[in-house]
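Asks: What follows is a predicted structure for the sequence shown.
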Protein chains: 2
Amino acid sequence: MIQALPQLKPWMIEQAELLPVGASLPWEMVFDSLPFGSDGLLPAVAQQYDTGEVLMLAWMNRAALRETLATGHVCYWSRSRARLWRKGETSGHVQHLRELRLDCDGDALLLLVEQTGPACHTGRVSCFYNAVRGNRVEVISPAMQRSRDD
Amino acid sequence: MIQALPQLKPWMIEQAELLPVGASLPWEMVFDSLPFGSDGLLPAVAQQYDTGEVLMLAWMNRAALRETLATGHVCYWSRSRARLWRKGETSGHVQHLRELRLDCDGDALLLLVEQTGPACHTGRVSCFYNAVRGNRVEVISPAMQRSRDD
């Protein structure tokens, strides 16, 4: 009796699961099989490469991901403006990409970045400046300089 | 001439934007106004509280968020299984919540956690073990122990 094996598309990122450190898959083929959502987007977490601070979470479509890797400057997809959002294009608070990582099933991206100025449009280093403490949400970091746009 | 002000619902998290460090808003009211998506979910990033390593990205609905804060053990919503996912319920690889943070517009969550065992079902400390390097995607961290379920 022949047992059906789970069907994996060629070069899906899940194939990396059993690989040892240093082994690799071809990026172009993995890229083609990434599970972008029905809206064409994947969540992308930006983390400051040296301090480890999580700066923000935004979204990328295929074009944003391609551009980010091609230029080394992080480009997201703005859901509110429905267009590519070259981070820092007006504020100057750009993110230089140090490394892009994919999670085990390729449906989330981690960007190790070198952030120029504050990442948050409120002028704070990180967008995650609200902490739930007991029955309150408390502001835990000060604004440095405010951007009119980010 | 009276100019219309932007309408903010009471106690939206955006109201924290202009607050100084240490000021706070009532959590229950902020919770009620959080912008869960049309699928009822928000992305949640888990970060190891002491090393700063980003462990995984998963999703929370209102019930998962409430349970996580009430118990101090991280509970997600599993999109694939369409049910609450108490992280580590079968593997033992639980996440103790140290602090929950919200971003500037409340549409992303950051969980500072104390992870027991590997966060990834592949047995790796973090799910983000695939790095894009040139035209390859390279495995950058070894498996510790594999979970049948996470």
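Replies: Cool, the structure landed.
Asks: make it CA atoms for all contacts and neighbour counts henceforth
Replies: OK.
Asks: What ranges does chain A have for its strands?
Replies: Here chain A has its strands, by DSSP state E, at A:24-26, A:42-48, A:54-60, A:75-78, A:83-86, A:95-102, A:109-115, A:130-133, A:136-139.
Asks: what about the residue nearest to the spatial centre of chain A, distance to chain B?
Replies: Centroid check for chain A by C-alpha atoms, centre = their mean gives residue A:44 as the closest residue, at 2.2 Å. Distance of residue A:44 to chain B, computed by C-alpha to the nearest C-alpha, to the nearest Å: 9 Å.
Asks: Point out where chain A drops to low pLDDT.
Replies: For chain A, the stretches flagged by pLDDT under 70 are A:1-10, A:145-150.
Asks: Could you pick out the longest helix of it?
Replies: Counting residues, the longest helix found in chain A (DSSP state H) is helix A:62-71.
Asks: Would you confirm that residue A:54 contacts residue A:46?
Replies: Yes - using C-alpha atoms under 8 Å, residue A:54 is in contact with residue A:46, at 6.1 Å.
Asks: Might you report the residue contacts of residue A:30?
Replies: Residue A:30 makes contact with A:11, A:12, A:13, B:137 under the criterion C-alpha atoms under 8 Å, 6 or more residues apart in numbering or on different chains.
Asks: can we see that at 6 Å?
Replies: Residues in contact with residue A:30 (C-alpha atoms under 6 Å, 6 or more residues apart in numbering or on different chains) are A:11, A:12, A:13.
Asks: Show me which residues of chain A sit near chain B.
Replies: A:21-27, A:52, A:100-104, A:127-128, A:130-132, A:135-142 (C-alpha under 6 Å from any C-alpha of the partner chain).
Asks: Take these and, keeping just the buried ones, write it as a PyMOL select command.
Replies: Only the buried entries of the residues of chain A next to chain B go into this PyMOL selection, using 16 or more other C-alpha atoms under 10 Å in any protein chain shown:
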select buried, chain A and resi 24+25+26+27+52+100+101+102+103+104+127+128+130+131+132+136+137+138+139+140+141+142
